[in-house]
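# Predicted model and sequence below, questions to follow.
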Amino acid sequence: MNIADFKAGRYENRYEYKAFLPEPVSHEWIISDPELTDLLGRADRALGELNAFSQLIPDIDFFIRMHVAKEATQSSRIEGTQTNIEDAFKDADDLKPEERDDWTEVQNYIRAINFAIASLATLPLSTRLLRQTHAELMQGARGEHKQPGEFRISQNWIGVSLKNAAFVPPHHDHLPELMSDLEKFLHVQDFFVHPLIRIAIAHYQFETIHPFLDGNGRLGRLMISLYLASEGLLHKPALYLSDYFERNKTAYVDHLMAVRHGDHLREWLVFFLFGIEETARASASVFRAVIDLKQRIERDVLPRFSARRQDSAHHLMRHLYAQPVVDVKWATDIIGASTNTAASLIADMVSFEVLVEVTGQRRNRLFVFKDYLNLFRSQP
């Protein structure tokens, strides 16, 4: 099918409401639009450059933790939570009681991302993996009573009520065939569809099917990164689009709705591919900045520690790239020394302006690797 001939689906009469029934997507897609082809090439090159760059960085998994935390906070922010990336690295006891529900949702998302990425080693990106990841996502959160890990068996909707909904997804009777078609589309080799076009369409279709009672947005956005990793487009999961979607939230929602209501698939693909290119280039830029920061600290800061403390300082510094919000107890565990030694080491890190104390308290103090955290705040 030519992209220009796309028809999204039709509304189906149900009792006292109409539900949208999308067309299957598992077939060949032809792009004859020069602008779209050019944008696809640019996005593909940017992704390739990010992939190559990420493979050159030592301790890349430490830095991936930051990307995961950022994705969790930004994707959850689209759904209305207020946790920021700094809070994501704190313990629940370090937060105000009214902040803990949002924090729990972000922690669930971090756990779900890590679970899904690890599962790709033994499972393909499939409805089975999506259900298992959904169960992780919803565990203990505000949606834990909405059938975690199971496709819905009742009607859902987007909006204040079913009668006044902005969008009503397909009736649950259609879910088995629609999700089967989507899973086939992600993997079928009988026809060629560029991987970035494939996941752009798959994300739209997943959000339109809305197969779970809750958590569809977060899981659908995570599916993008899982697909890029599962197809080998990224050696490490270093690209997440939720920051781009959150900064362009109105356009994101409007484009998805415009596909459903007006068959505007091309415009959605342009928006999506531009996001891939922009995010890939921003992520590569962050990696470059991380390397610069790391080299500056190794050149200007670490040599200032005494010979006796060099090993502990290097060890602590290495782990700060994975855990940039710390307390003395954490440092004690990391370096395997006494509390006094860890406290003294952190005090030196503060005096050398690597760490910043953020609580203003004399006890239960928290220290933040702020220059590093700032590199991962919303871009560009």
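Looks like it arrived, so ask away. Residues are numbered from 1 along each chain as shown.
# Show me where the stretch 1-150 of the chain dips below the pLDDT cut-off.
141-144 (pLDDT under 70).
# Where do the helices of it begin and end?
Here the stretch 1-150 of the chain has its helices, by DSSP state H, counting those that start in this stretch, at 34-54, 60-78, 100-119, 127-138.
# just so I know, which of those lies nearest residue 367?
helix 60-78 (16.7 Å; C-beta to C-beta). Backbone N, C-alpha and C define where each C-beta goes, glycine included.
# Could I get the buried residue list for that closest one?
62-78 (16 or more other C-beta atoms under 10 Å).
# list the helices and strands that helix packs on?
helix 100-119, helix 216-230, helix 242-247, helix 265-300 (3 or more C-beta pairs under 8 Å, 6 or more residues apart in numbering; DSSP states H and E).
# now the angle between helix 216-230 and it, please.
150 degrees (axes from the mean of the first three to the mean of the last three C-alpha atoms, to 10 degrees).
# how is this protein carved up into domains?
Domain assignment of the chain by automatic domain parsing yields the ranges 8-25+33-286, 304-375.
# Quote the end-to-end distance of the longest one.
Taking C-alpha to C-alpha, to the nearest Å as the measure, domain 8-25+33-286 stretches 37 Å from start to finish.
# go on, the shortest one?
Its first and final residues considered, domain 304-375 spans 24 Å by C-alpha to C-alpha.
# Equivalent analysis for stretch 208-227, please.
18 Å.
# in terms of contact, does residue 63 touch residue 291 like I think?
No. With contact defined as C-beta atoms under 8 Å, residue 63 does not reach residue 291; the gap is 9.7 Å.
# low pLDDT regions in the stretch 201-350 of the chain?
Using pLDDT under 70, nothing in the stretch 201-350 of the chain is flagged.
# Run a quick neighbour tally on residue 300.
The burial count assigned to residue 300 is 10, neighbours taken as other C-beta atoms under 10 Å.
# From residue 306, how far off is it?
Separation of residue 300 from residue 306 (C-beta to C-beta, to the nearest Å) stands at 16 Å.
# Equivalent analysis for residue 341, please.
12 Å.
# likewise residue 216?
55 Å.
# what touches both of residue 63 and residue 291?
residue 57 (C-beta atoms under 8 Å, 6 or more residues apart in numbering).
# Just the buried residues of stretch 166-175, please?
Those buried within stretch 166-175 under the rule 16+ other C-beta under 10 Å are 167, 168, 169, 170, 172, 175.
# tell me the average confidence for it?
Averaging pLDDT along stretch 166-175 gives 96.
# End to end on that stretch, go ahead and measure it.
Start-to-end, stretch 166-175 (C-alpha to C-alpha) is 20 Å.
# ok, residue 181 - contacts?
24, 25, 26.
# Please identify the helix or strand for it.
Assigned by DSSP states H and E, residue 181 falls within helix 175-187.
# That helix vs helix 127-138, what angle?
Using the same axes, to 10 degrees: helix 175-187 against helix 127-138 is 110 degrees.
# these two touch, right, residue 309 and residue 345?
Yes. Using C-beta under 8 Å, residue 309 makes contact with residue 345 at a distance of 6.6 Å.
# okay, these two: which has more neighbours?
Between residue 309 and residue 345, counted using other C-beta under 10 Å, the more crowded position is residue 345 (24 against 18).
# I'd like the secondary structure assignment at the more buried one, please.
helix (DSSP: H, G, I helix; E, B strand; the rest coil).
# Look up how far residue 42 lies from residue 230.
From residue 230 to residue 42 the distance is 23 Å (C-beta to C-beta).
# okay, now residue 192: neighbour count?
Other residues close to residue 192 by other C-beta under 10 Å number 10.
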